[in-house]
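[1] need coordinates for the below:
(chains A and B, ligands or ions: 2)
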Amino acid sequence: MLRFTLRRLALLVPVLFGLSILLFVWIRALPGDPARSLLGERATPEGIRQIRALYGFDKPLVEQYWAYLGQLVTFDFGSSIRDGRPVTDTFLEQFPATVELAFFAIVFAVVLGIPLGYAAARRRGELVDGAVITGSLIGVVIPVFFLAILLKLVFAIQLDWFPTSSRQDARIDATHITNFYVLDGLLTREFDAAWDAIVHLVLPAVALGTIPLAIIVRITRASVSEVLNEDYVRTAEAKGLHPQVVRRRHVLRNAMLPVLTTIGLQVGLLLSGAVLTESVFAFNGIGSYLFDAIAQRDYPVLQGYILFIALIYSLVNLAVDIGYGLIDPRVRVS
Amino acid sequence: MTTMTSATTPEPAALLDVRDLSVVFHGSHGDVEAVSEVSFSVRPGEHVALVGESGSGKSVTSLAVMGLLPTRSAKVEGSIRYDGDDLLAMTDHERRDLRGAEMAMIFQDPMTSLNPVVPIGVQIGEVLQRHKAMTGRQARNESGDLLARVGIADGSRRLGEYPHQLSGGMRQRVLIAIALACEPRLLIADEPTTALDVTIQAQILELLRELVSGTGTALVMITHDLGVVAGLCDQVHVMYAGRVVESAPRRPLFARPRHPYTGGLLRSIPRLDAPRGEPLTPIPGSPNDALSWAAGCAFAPRCGNRIDRCTSQTPELAAQHAYEPGYEQALRCFNPIGEETS
Ligand SMILES: Nc1ncnc2c1ncn2[C@@H]1O[C@H](COP(=O)(O)OP(=O)(O)OP(=O)(O)O)[C@@H](O)[C@H]1O
Ligand SMILES: [Mg+2]
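    Ligands and ions are numbered 1, 2, ... in the order given. Reported below is the predicted structural model:
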């Protein structure tokens, strides 16, 4: 298992290297020009040339990439063209918010989705099953953006159960160490701050977690239905085992394998879906910053952020594969 | 619970007594009567065979005894008494206490009957922990011994292995160890060798024989192969399309089969005492040709002894003069072998 993990980690290096080349070329192939958008109205051919020279955009592509790579190996991702702040700084400041949101969304989806999918499989064809299936169908097709606005209108504005925006009440004087607000609150024992951060997370997490929830429900239902018909479940029942033991050890352990894979794949979707949700709830994640970076062709920010996200995505899926190996001895690599 | 009224027979009371069992499956395309009017009993130490082709209701019968049919779709009627107690009147909880401890089952397909993601040691140990109140460590030790007893050398060192690391024969040995772990008084073996290579089949049968003989374990052996019955069972019930068509002790059944279906089954197995060069003759047609028992004999379309009555009237299972005391002998046929009316 350790060797498998190390090999997969080592494999990440060429993958990220290749991705950095692709990104570099692809971003520069987009129409538009950072210098022009930076200068806006005041753009003169002279001004544009100066800016391009300043950032080295006038050099040949290979030369530019070579310089970029030189920075990368020292973990320097450059600075934003718009505000001059180092990419690493802004990323570390904003990304925890997005991760926190995505994490709560996936927890919401898993904690609700697995029991619902299990119940539906157990009562296949009954009312519960029909309700769960219909609900999950609606969940899959409803656009995240629309759901986010709906939730905000109903539960934040009309009912006033939850805050409408931001990550934490501005009146709370919280200490931030990691920029994961809930975690910070727990670490510093400022529990009211942690609680407030959680309350702020509820609606965005529900909005973001609904599609993964619907997908997890469906995969769980299909997977459990299949496992329930397996001969080994009958063997377990022939032992007179308590139904709880049959469920945990014999049904769920097998049925969770496809669900686990699905969760891993959802992570990418969550990180990109987070951008929309963040904008509805004015949640200070990478969303709006990345959005502006695209609009203004902020090359260093785009490259750095996308590389970071790819790295996180790969690590999560590595974790999923390790989890898979822990459950299923047949795929364990020796 | 009431005790059995077995005043008329001096024989030990039946451990398992099945009377007029019927199982109906409710499906989306209507109801299917998989088993009906099935009656048989098994005394302690007795080895009884249920024989029949695919689809004759052997597995459904044994699953009904074990209480493993899906409760939502299967309706079980009649009576199943175990040690005098009516199993069908028990709660789920009471039946779970019996399963694995008092009665155990070995399944048809060892390749799919073990959980692929749980070590075999745990799969054996859990039944011991459930019924014998053993600790994890005790269960581990006992599991190792059990593996050795079913012929897996070095048993205690292989407890951590997973099913995919074992051959089919090995897996069936593990399943036998699981079934016998709590020394059940009733063992149901549902075609335990069908899925195995011929050479392995003989080994597994021999192992079963060894393990059950002399222990007082009552065995219900399910098979489509009368050859398996020959060396193992005392009493045979032949099933066709969900009903018993002939019941007889093994010896008279082999010597003088009366139901044409039994005769057909016997002609389709190789026999050592058959004259040299006598060809094996399979029963014509397939079980799919079975008719419903509603208006006639289900076997009639494939039967060489068919007379007019067979397709207009349903034959009843009629008790026959008992060949040996204590055995059941019955026949469901209008025109049995040796007494042909036309
Ligand atoms: N869960 C079920 N739902 C509906 N019908 C079923 C179900 N299980 C079994 N049956 C039907 O009951 C009949 C008897 O099946 P059973 O499995 O008992 O046959 P069998 O004698 O064990 O055959 P085989 O030798 O193939 O194992 C078959 O026609 C089958 O289609
Ligand atoms: Mg069967």
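
[2] count the residues that sit near residue B:111.
    As a burial measure, residue B:111 scores 17 neighbours (other CB atoms under 10 Å in any protein chain shown). Just so you know, the C-beta spots here come from the backbone N, C-alpha and C atoms, and that holds for glycine as well.

[3] which pLDDT value goes with it?
    pLDDT for residue B:111: 92.

[4] nearest spatial neighbour of it, skipping sequence neighbours?
    Of all residues not flanking residue B:111 in the chain, residue B:168 sits nearest, at 5.8 Å (CB to CB, 6 or more residues apart in numbering or on different chains).

[5] what count of nearby residues applies to that neighbour?
    As a burial measure, residue B:168 scores 15 neighbours (other CB under 10 Å).

[6] and the pLDDT for it?
    Looking at residue B:168, its pLDDT is 90.

[7] and it, what does it touch?
    B:110-111, B:195-197, B:200 (CB atoms under 8 Å, 6 or more residues apart in numbering or on different chains).

[8] what about it, distance to chain A?
    Residue B:168 sits 13 Å away from chain A, going by CB to the nearest CB, to the nearest Å.

[9] taking the stretch 201-342 of chain B, what residue is nearest to chain A?
    residue B:220 (13.6 Å; CB to the nearest CB).

[10] could you look up the SS state of that residue?
    strand (DSSP: H, G, I helix; E, B strand; the rest coil).

[11] surely it and residue B:186 touch.
    Yes - with contact defined as CB atoms under 8 Å, residue B:220 reaches residue B:186; the gap is 7.2 Å.

[12] now chain A against ligand 1: closest residue?
    Across chain A, the shortest distance to ligand 1 (CB to the nearest ligand atom) belongs to residue A:229, at 9.2 Å.

[13] what's the burial count for residue 133?
    Using chain A. 17.

[14] other chain: chain B
    Neighbour tally, residue B:133, other CB under 10 Å: 9.

[15] and the contacts of whichever strand or helix holds residue A:136?
    Taking DSSP states H and E as the definition, residue A:136 sits inside helix A:127-141. For helix A:127-141, the surrounding residues in contact (CB under 8 Å, 6+ apart) are A:116-117, A:119-121, A:123, A:210-211, A:213-215, A:217-218, A:221.

[16] repeat that for stretch B:332-342.
    Counting by CB under 8 Å, 6+ apart, B:243-246, B:256-260, B:263, B:297, B:305-307, B:309-310, B:313, B:315-318 sit against stretch B:332-342.

[17] of those, buried ones?
    Using 16 or more other CB atoms under 10 Å in any protein chain shown as the burial test, the contacts of stretch B:332-342 include B:243-246, B:257-260, B:263, B:297, B:305-306, B:310, B:315, B:317 as buried.

[18] what about the helices in chain B?
    Here chain B has its helices, by DSSP state H, at B:58-66, B:92-98, B:120-132, B:136-149, B:168-180, B:198-212, B:226-230, B:250-255, B:260-267.

[19] name the element the residue most central in space within chain A belongs to?
    Centroid-nearest residue in chain A, with CA atoms, centre = their mean: residue A:271, separated by 2.9 Å. Per DSSP H and E, residue A:271 falls inside helix A:253-280.

[20] quick one: name the residues of chain A near chain B.
    Counting by CB under 8 Å from any CB of the partner chain, chain A comes close to chain B at A:230-232, A:234-242, A:245, A:249-250, A:253-254, A:327-330.

[21] buried ones among those?
    The buried subset of the residues of chain A next to chain B (16+ other CB under 10 Å) comprises A:230-232, A:234-241, A:249-250, A:253-254, A:328-329.

[22] so what touches the helix or strand of chain A with the lowest mean pLDDT?
    One helix or strand of chain A scores below all others by mean pLDDT, DSSP states H and E: helix A:34-39, with a mean of 76. Residues outside helix A:34-39 that contact it (CB under 8 Å, 6+ apart) are A:43, A:47-48, A:51-52, A:55, A:57, A:81-82, A:295-299.

[23] about what we covered before: pull the most distant pair out of the contacts of helix A:127-141.
    With CB to CB as the measure, no two of those lie farther apart than A:123 and A:211, at 24.0 Å.

[24] pick out whichever of these two has more residues nearby.
    Shown here are residue A:123 and residue A:211; by other CB under 10 Å, residue A:211 has more neighbours (23 against 14).

[25] quick one: contacts for that one?
    Per CB under 8 Å, 6+ apart, neighbours of residue A:211: A:139-140, A:142, A:144, A:269, A:273.

[26] which strand or helix spans it?
    Assigned by DSSP H and E, residue A:211 belongs to helix A:191-228.

[27] tell me what angle the following helix or strand past that helix forms with helix A:253-280.
    Sequence-wise, the next helix or strand downstream of helix A:191-228 (DSSP H and E) is helix A:231-238. If you take axes from the mean of the first three to the mean of the last three CA atoms, to 10 degrees, helix A:231-238 sits at 110 degrees to helix A:253-280.

[28] mean confidence for helix A:231-238?
    95.

[29] relative to helix B:168-180, how tilted is it?
    Using the same axes, to 10 degrees: helix A:231-238 against helix B:168-180 is 20 degrees.

[30] now tell me what touches the helix or strand following helix A:231-238 from outside.
    Next helix or strand after helix A:231-238 toward the C-terminus (DSSP H and E): helix A:243-245. Outside helix A:243-245, the residues that touch it by CB under 8 Å, 6+ apart are A:236, B:126, B:130.

[31] try 10 Å this time
    The contact list for helix A:243-245 (CB atoms under 10 Å, 6 or more residues apart in numbering or on different chains) reads A:236-237, A:239, A:251, B:92-93, B:96, B:126, B:129-130.

[32] neighbours around residue B:304, how many?
    12.

[33] from what I can see residue A:311 touches residue A:19, true?
    Yes - look at residue A:311 against residue A:19 with CB atoms under 10 Å: they come within range, at 9.2 Å.

[34] what is in contact with those two at once?
    In contact with both residue A:311 and residue A:19: residue A:12, using CB under 10 Å, 6+ apart.

[35] any idea what the spatially most central residue of chain B is bridged to?
    Taking CA atoms, centre = their mean, the centroid of chain B lies closest to residue B:222, which sits 3.0 Å from it. Legend: beta-bridge partners of residue B:222 under DSSP bridges are residue B:50, residue B:190.

[36] most neighbours, which of the contacts of helix A:34-39?
    Among those, residue A:298 has the most neighbours (other CB under 10 Å), with 25 neighbours.

[37] still on that earlier bit, among the helices of chain B, which gets the worst mean confidence?
    Mean pLDDT is lowest for helix B:226-230 out of the helices of chain B, coming in at a mean of 83.

[38] who are the packing partners of that helix?
    Applying 3 or more CB pairs under 10 Å, 6 or more residues apart in numbering or on different chains; DSSP states H and E, one finds that helix B:226-230 makes contact with strand B:47-51, helix B:198-212, strand B:218-223, strand B:235-240, helix B:250-255, helix B:260-267.
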